[in-house]
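Asks: heads up, no residue letters with this:
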C-alpha cells in the first residue's frame, strides 16, 4: 500500500486500520487482535510480556475489568482495560491455561507497565516449587515457524529416584544433576544414550527440577521438522528470548539418534549440521542454549563429530543393572531376585510387580 502523506494523523490512522493475515486464526486470537488494535490506535509507548506458572485457574475475578474474554480448548483469554486502576491508559492481554499464565501489558507511561505487572502477579499467584512442578514449553512446527505451548509437569527430585540407577550411571548423573552444575566452556550438547528401559526419560524429569532455578526446559515434539529444512522453525526456537536474560534454555530432543548417526547426512539431510550449528556454530555463539539429545543408539554408531571433545558438556551412558546391584535393588523392595539376573530398570520394575520380564513397558514410567 502506497501512502501519499506522512503526517502523524495519517500514520496513526494507518496503524489503527492495519490488517494482519494469519492461517491459524481461532476464537482465542480475538482478544489479542483487539489488544493490538487498541495499542496501535492509542499510540501507547510501552509494552512488556511475561509468563509464569500459577495456582489460579480462571479469569473470573477479573471480569469487572474485562472488555472481552474467550474460552477454547481448556484455556481462557481476555482483554482488560485497567485505566481506572492506575489513573493512566493501560491495557492487558491474558492467556491462562494448564497452570500457566501469559500476560502482555501496554501503557502510555513506563512506570504504569511495572505497576500493572505487579498487580497481575497478585491476581495470579506464582506456583511455589514445593509442589514439585516445573513449566515446560512444548514446541511444534506451525505455519511459518514454530509454535510453543506451555504446561506444568509434576517431576521428581534427583534424590527421589537416584537409587533407580546403577552405581556407574548414578555417579555420572550426580555430576550433572546438582545445584552447583553450570554450563561452561565444555560445549553445549548433552548426550544421553543407552538401550530402552534404562530410565533416560525419568532422569530428564528430575533434571528439569534440579535445574529449575537457572534453566528453562523446551521440549521439541517434532525434531525431524526442526532439523529437516525448516530454518524458520529452528531460528524461532534458538533465538527466542527468555523472560529472564540470565537463564539458560534446554532444548530436549528425545529418541533422536538418527540425527546423530554416522550416516546422518544420507538419512536426514542437513539435520546434523544444523544441530551442530546450534550447539557451537555461528547460530549458537552467545546463546544460553543447551541441547539434550537422548538416543537408544550405541555411542560407537554415532557420528564422530558429535561426541568430539569440546562439543559435549556431558555424555552419559544409561546402562542395565549388573546382577549384584539388581539383586540388591529387588531385595530393598521386598521382591525375589533371580540368581545372576541383571537387566535394565524396566525389567526390575516388572519383576518387583510380579510381571514377566518380557512384558512391554513404556519408557518414562514412574517409580
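Replies: Perfect, I can see it now. Bear in mind that the values here come from a model prediction, so they are computed numbers and not experimental data.
Asks: contacts, neighbours, all on C-alpha from now
Replies: OK.
Asks: Am I right that residue 285 sits in a strand?
Replies: No: under DSSP: H, G, I helix; E, B strand; the rest coil, residue 285 sits outside any strand and is assigned coil.
Asks: going forward, begin numbering at 44 instead of 1
Replies: Noted, 44 is the first residue going forward, which turns the last one into residue 328.
Asks: Spit out the contact partners of it.
Replies: By CA atoms under 8 Å, 6 or more residues apart in numbering, no residues touch residue 328.
Asks: Skip the chain neighbours and tell me the closest residue to residue 377.
Replies: Closest residue to residue 377 apart from its sequence neighbours, by CA to CA, 6 or more residues apart in numbering: residue 395 at 7.8 Å.
Asks: number of nearby residues for that neighbour?
Replies: 19 (other CA atoms under 10 Å).
Asks: so it makes contact with residue 378?
Replies: Yes: counting by CA atoms under 8 Å, residue 395 touches residue 378, with 5.2 Å between them.
Asks: hmm, back to that, quick one: pLDDT of the residue nearest to residue 377?
Replies: The model reports residue 395 with a pLDDT of 86.
Asks: go on, residue 49?
Replies: Looking at residue 49, its pLDDT reads 39.
Asks: ok, and for stretch 329-341, which residues are buried?
Replies: Of all the residues in stretch 329-341, those buried under the rule 16 or more other CA atoms under 10 Å are 330-340.
Asks: pLDDT of that stretch, averaged?
Replies: Averaged across stretch 329-341, pLDDT comes to 84.
Asks: ditto for stretch 118-132
Replies: Rounded mean pLDDT across stretch 118-132 is 93.
Asks: how far does that stretch stretch from start to finish?
Replies: With CA to CA, to the nearest Å as the measure, the first residue of stretch 118-132 is 27 Å from its last.
Asks: Show me what that stretch is in contact with.
Replies: Against stretch 118-132 from outside (CA under 8 Å, 6+ apart): 71, 74-75, 77-78, 87, 101-102, 105, 108-114, 133-141, 150-152, 155, 158-159.
Asks: how long is stretch 91-110 from one end to the other?
Replies: 20 Å.
Asks: returning to what we had before: list the ones among the contacts of stretch 118-132 that fall in strands.
Replies: Judged by DSSP state E, the subset of these located in strands is 109-114, 133-140, 150.
Asks: Please list only the buried members of the contacts of stretch 118-132.
Replies: Applying 16+ other CA under 10 Å to the contacts of stretch 118-132, the neighbour count classes 71, 74-75, 77-78, 87, 102, 108-109, 112, 133-141, 150-151, 155, 159 as buried.
Asks: all strands in the chain, in order from the N-terminus.
Replies: Ranges of strands in the chain, per DSSP E, are 89-96, 109-115, 118-124, 133-140, 143-150, 176-184, 189-197, 232-237, 258-263, 291-296, 332-338, 355-361.
Asks: Lowest mean pLDDT across those, which one is that?
Replies: In terms of average pLDDT, strand 189-197 trails the rest of the strands of the chain, at a mean of 82.
Asks: follow-up on the earlier one: got a list of what the residue nearest to residue 377 touches?
Replies: 373, 376-379.
Asks: which of these has the weakest pLDDT?
Replies: Lowest pLDDT within these is found at residue 379 (77).
Asks: Count the neighbours of it for me.
Replies: Residue 379: 13 surrounding residues under other CA under 10 Å.
Asks: do the same with residue 399
Replies: 11.
Asks: Check the separation of the first and last residues in stretch 166-178.
Replies: Start and end residues of stretch 166-178 are separated by 19 Å (CA to CA).
Asks: Am I right that residue 333 is in contact with residue 296?
Replies: No: the pair residue 333 / residue 296 is not scored as a contact, 11.0 Å apart, by CA under 8 Å.
Asks: can you give me how far stretch 219-236 is from the chain middle?
Replies: On the basis of CA atoms, centre = their mean, to the nearest Å, stretch 219-236 is displaced by 17 Å from the centre of the chain it belongs to.
Asks: Bridged to residue 291, which residues?
Replies: The partner list for residue 291 in beta bridges (DSSP bridges) reads residue 258.
Asks: Just give me the neighbour total for the residue nearest to residue 94 when sequence neighbours are not counted.
Replies: Setting aside the residues directly before and after it, residue 94 is nearest to residue 145 in space (CA to CA, 6+ apart), at 4.2 Å. Close neighbours of residue 145, defined as other CA under 10 Å, add up to 16.
Asks: What residues are bridge-paired with residue 145?
Replies: Here residue 145, judged by DSSP bridges, has bridge partners residue 94, residue 138.
Asks: returning to what we had before: so can I have JSON lines of the strands of the chain showing distance to residue 316?
Replies: Output for those, formatted as JSON lines (distance: least, CA to CA, whole Å):
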{"stretch": "strand 89-96", "distance to residue 316": "32"}
{"stretch": "strand 109-115", "distance to residue 316": "39"}
{"stretch": "strand 118-124", "distance to residue 316": "38"}
{"stretch": "strand 133-140", "distance to residue 316": "36"}
{"stretch": "strand 143-150", "distance to residue 316": "34"}
{"stretch": "strand 176-184", "distance to residue 316": "19"}
{"stretch": "strand 189-197", "distance to residue 316": "19"}
{"stretch": "strand 232-237", "distance to residue 316": "13"}
{"stretch": "strand 258-263", "distance to residue 316": "17"}
{"stretch": "strand 291-296", "distance to residue 316": "15"}
{"stretch": "strand 332-338", "distance to residue 316": "14"}
{"stretch": "strand 355-361", "distance to residue 316": "15"}
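Asks: how about those, which one is nearest residue 219?
Replies: Within the strands of the chain, the stretch nearest residue 219 is strand 355-361; the backing value is 7.7 Å (CA to CA).
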